[in-house]
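Novice: What follows is a predicted protein model with its sequence.
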Amino acid sequence: MAIIKMLQVKQEKGVTLVELLIVVVILGILASVAGNLLIGGIRFWRLSRARTEIQRDARTCLDLIHRELRQAEASSIVVDRLDDQQPPCSQISFTKVVTGDAIIYSQEGAKLSRSINGTKNFLAENLRHITFVYPRTDDEKIIAISICFEKETYGGGEKSLHLSVEKVRIMNE
Amino acid sequence: MLQVTGYRLQVKKEKGQTLLVVLGIIIILLIFIPALVYYVQQEAKWTIKGKRTTTAFHLAEAGIERGYWKLTESDSYWDIITKDEQQIDGYKGDSNSIYSDLAGGKYKINIFKSGVEKVTIRSQGQDDSTQEVRTIEAVYSRKAIDSAIDAESTVEYKPGLKVHWGPVKTYTSIEQAPQQYYPRKFSKGRIVGRDIDPTSPNSDEIEYWAFDDELGQPAEINLAYYIAKATSSSVPPPRKATGVQAANASPSGSGYFTESVKFRQPGAGGGAYTFTSSTSVIFVNGNADMEVNTWLDVEALIVTGNVDFNARSSSYAATIPENASEEYQHPEALATWATFPGNGQPYAVTNCGMHGFLYVGGDLKDAAGGGKIVGVIRVKGELQSNTFTIYFDQNSAERIETQRSSIERDSWREVYLSW
């Protein structure tokens, strides 16, 4: 009985200094770890989001270019660049079969533009480069497209990059 | 006392460790899991979307292939569509034209006439999981002969060879410099006097196109069609190649001659051979000698061997093709074009020997010189005519029967149509 009574008394008194110190130390460790985890988590979140966005842009742009380029007249294709400020081979112009629509895809700084019969709109931002090349000199009906998107994630330091390369077979002479 | 105290401290220590681990795990989960879920969700969404549209597209492509092979299965299918303006069962774009032999969905095929000697294959692919539809339209044409001279071998472009209203095409080369700067000349090899160096440029874009790979392969003439047409034609027989007897025809009285012929009436003192029937075909299984006084106005004269073409006995009221002026765009040719009344206008050709399609399986020459034809010449061997004149006839060209192997794709495109 005496032992039980003594235990009850001790519990009611609260914590000792040693226990308190241990708690403080634990909380301190937790706070420091959580802070790092939080910062890391935010960075990871931003990186994932940036990567997702540029992957979406890359896929959408490639899909659109692929669809239209397949319908081009091979003899009408011209690979060039918009102006001296743009990378080489960063513009492709062609005529779609049957409809005769004049299509131009070109890099304008960090933007990708699409022009149809002179009416231009911008498809995507964060473009690092787009390059159109003939992978085979003996076949004018194959075009390789290399597209690279880049987006800053935080602090101007870390960047997310996405590169896609695709070969397109032109279906018309 | 000591035991109790030790027991109490041990219990508290274990509780603290659990709390630390649990808190750590919760923080990690709270921070990373949403980001991962977001990333995976987006990735899955785009992947599935891409797969569905790709499946529909590949099904549509399969339909195009199936339609093409159906067209090439028989010459009659092309004629059913283009001439009879009918459709093939199973390829009408109806419920009987849906195929489910490929995994992932189905495709529907519609083959129909879309112009003179043009057929469109429209194929729709549908993904089973989302009902997404993609449609491809491909237009095919049977390679036709659209030139005044269509030569598989070399052309000796002698000074007296004059070609009007339609181009000259050779799938080998032109080995003698043409003196006239009309009509347009297309050659898969060199053109002596214009361009003998394969290095580009190989054309002046006006009068000559040398080393022109776009010519592709020559159209294959449907000889079976012409044999059938000749056997059903009623044609007076010319002479055998030697002697005065009538050449053998099979069946007798038909236009299918089983030996070489000379176009002159049979019998001693037989007169000039003339025959006019724009729907008849004369098929000569051998050589043909066309004398000066010969006149033929037929759908086609098919000669499997050599032809000596000297005929120039009649006048023919020709019609200048609508785009004939294209052949005279070179400055040196303008004066010649000025002698004609213009595109689409009538023009009387005098001293003419034949109107129609002339097919020569061997070489073509005119030993006596002066032969003249309104029509189209297809020559497999060499063309070595001296003084020879050809006026291109659009109507004769459009009636030439080529084989199914000559079907080529003109255009391919995606269209947006519902199922």
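Specialist: Here it is on my side, so go on. Residues are numbered from 1 along each chain as shown, chains lettered A, B, ... in the order given.
Novice: all helices of chain B, in order?
Specialist: Per DSSP state H, chain B carries helices over the ranges B:2-73, B:75-82, B:223-231, B:334-337, B:394-398.
Novice: so which of the ones you listed comes closest to B:Ala300?
Specialist: Closest approach to B:Ala300 among the helices of chain B is made by helix B:223-231 (6.0 Å; CB to CB). C-betas here are computed from N, CA, C, even on glycine.
Novice: Which elements pack onto that closest one?
Specialist: If contacts are counted by 3 or more CB pairs under 8 Å, 6 or more residues apart in numbering or on different chains; DSSP states H and E, helix B:223-231 sits against strand B:256-257, strand B:274-284, strand B:295-303.
Novice: among these, which is nearest chain A?
Specialist: Closest of the helices and strands packed on helix B:223-231 to chain A is strand B:295-303, at 29.5 Å (criterion: CB to the nearest CB).
Novice: Parallel or antiparallel, list what pairs with the closest one.
Specialist: strand B:274-284 (parallel), strand B:354-360 (parallel) (DSSP bridges).
Novice: looking at it, B:Ile302 is touching B:Leu223, isn't it?
Specialist: Yes. Taking CB atoms under 8 Å as the definition, B:Ile302 is a contact partner of B:Leu223 at 6.9 Å.
Novice: Look at the two and report which has more neighbours.
Specialist: B:Ile302 (27 against 16; other CB atoms under 10 Å in any protein chain shown).
Novice: Just the pLDDT for the closest residue to A:Asn126 other than its chain neighbours.
Specialist: Spatial nearest neighbour of A:Asn126, excluding adjacent residues (CB to CB, 6 or more residues apart in numbering or on different chains): A:Lys151 at 4.6 Å. Looking at A:Lys151, its pLDDT is 85.
Novice: who in chain B is up against chain A?
Specialist: By CB under 8 Å from any CB of the partner chain, the residues of chain B that approach chain A are B:1, B:4, B:8, B:12, B:16, B:19-20, B:23-24, B:27-28, B:31-32, B:34-36, B:38-39, B:42-43, B:46, B:50, B:139, B:214, B:409, B:411-414.
Novice: Weed out the non-buried ones from these.
Specialist: With burial judged by 16 or more other CB atoms under 10 Å in any protein chain shown, the buried subset of the residues of chain B next to chain A is B:Ile27, B:Ile31, B:Phe32, B:Ala35, B:Tyr39, B:Gln42, B:Trp46, B:Val139, B:Ser411, B:Trp412, B:Arg413, B:Glu414.
Novice: Among those residues, which pair sits farthest apart?
Specialist: Farthest apart among those by CB to CB are B:Ile27 and B:Val139. That separation is 63.5 Å.
Novice: who are the neighbours in contact with the closest residue to chain A within the stretch 201-350 of chain B?
Specialist: Of all residues in the stretch 201-350 of chain B, B:Glu214 sits closest to chain A, at 7.2 Å by CB to the nearest CB. Residues counted as contacts of B:Glu214 (CB atoms under 8 Å, 6 or more residues apart in numbering or on different chains) are A:Glu173.
Novice: Around the closest residue to B:Tyr225 other than its chain neighbours, count how many other residues there are.
Specialist: In this structure, B:Tyr225 finds its nearest non-sequential neighbour in B:Glu401, 4.4 Å apart by CB to CB, 6+ apart. Neighbour count of B:Glu401, defined by other CB under 10 Å: 20.
Novice: gap between B:Glu401 and chain A?
Specialist: Per CB to the nearest CB, to the nearest Å, B:Glu401 is found 24 Å from chain A.
Novice: That residue reaches B:Glu220, doesn't it?
Specialist: No. B:Glu401 lies out of contact with B:Glu220 (CB under 8 Å); the separation is 10.0 Å.
Novice: Please list the residues of chain A that sit near chain B.
Specialist: Residues of chain A lying close to chain B (CB under 8 Å from any CB) are A:3, A:6-7, A:10, A:19, A:22-23, A:26, A:29-30, A:33-34, A:37-38, A:40-42, A:44-45, A:48-49, A:51-52, A:55-56, A:59, A:63, A:67, A:70-71, A:96-99, A:171-173.
Novice: can you tell me which residue is nearest the centre of chain A?
Specialist: A:Ile54 (2.4 Å; CA atoms, centre = their mean).
Novice: what's the helix or strand for it?
Specialist: Take DSSP states H and E as the rule and A:Ile54 turns out to sit in helix A:17-70.
Novice: Need the pLDDT of whatever residue of chain B ends up closest to chain A.
Specialist: Using CB to the nearest CB, the single residue of chain B nearest to chain A is B:Ile31, 3.0 Å away. At B:Ile31, the pLDDT value in this model is 72.
Novice: The closest residue to it other than its chain neighbours - how many residues pack around it?
Specialist: Nearest non-adjacent residue to B:Ile31, counting by CB to CB, 6+ apart: A:Gly41, 3.0 Å away. Per other CB under 10 Å, the neighbour tally for A:Gly41 reads 19.
Novice: Just to check, A:Gly41 is in contact with B:Ile33?
Specialist: No. Using CB under 8 Å, A:Gly41 is not in contact with B:Ile33, being 9.8 Å away.
Novice: residues touching the residue of chain A found nearest chain B, list them.
Specialist: Chain A approaches chain B most closely through A:Gly41 (3.0 Å), counting by CB to the nearest CB. The contact partners of A:Gly41, taken as CB under 8 Å, 6+ apart, are B:Ile31, B:Phe32, B:Ala35.
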